[in-house]
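Student: would you be able to build a 3D model of this:
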Amino acid sequence: MSRDKALWSAIPASYTASNYPLQYYFELRRSTGEAWLYPGLTSDLANQPYFVVQPVARAVSTQARKYPLGKDIRRDASRRIC
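Tutor: Numbers count the residues shown, from 1 in each chain. Sure, this is the predicted structure:
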């Protein structure tokens, strides 16, 4: 394939802002109607037929460290000592 017929795509950064990996593969088609998946399975069916993008560890805010696992900060805020 020549460079002028190259295909490309982009995944928006907002779509990848997740705690979970992103799995993707490509469905390719010829003008004759033939279709296949890339990377697809090998003949022994022992490979991983998709790509995975792992999330990048984000900095943890001081608020997240203080209130782990979704602890309700409103309840704690009512106990403030003046």
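Student: for the closest residue to residue 18 other than its chain neighbours, give me its contacts.
Tutor: Nearest residue to residue 18, sequence neighbours excluded (Cβ to Cβ, 6 or more residues apart in numbering): residue 55, at 5.9 Å. From N, CA and C alone the C-beta is placed, and that goes for glycine too. Residues near residue 55 by Cβ atoms under 8 Å, 6 or more residues apart in numbering: 16, 18, 19, 20, 21, 22.
Student: go on, residue 15?
Tutor: Taking Cβ under 8 Å, 6+ apart, one finds residue 22 in contact with residue 15.
Student: after the host helix or strand of it comes which helix or strand?
Tutor: Using DSSP states H and E, residue 15 sits in helix 13-16. Where DSSP H and E defines the elements, the next helix or strand beyond helix 13-16 is strand 22-24.
Student: okay, strands next: where are they in the protein?
Tutor: 22-24, 26-29, 35-38, 51-53 (DSSP state E).
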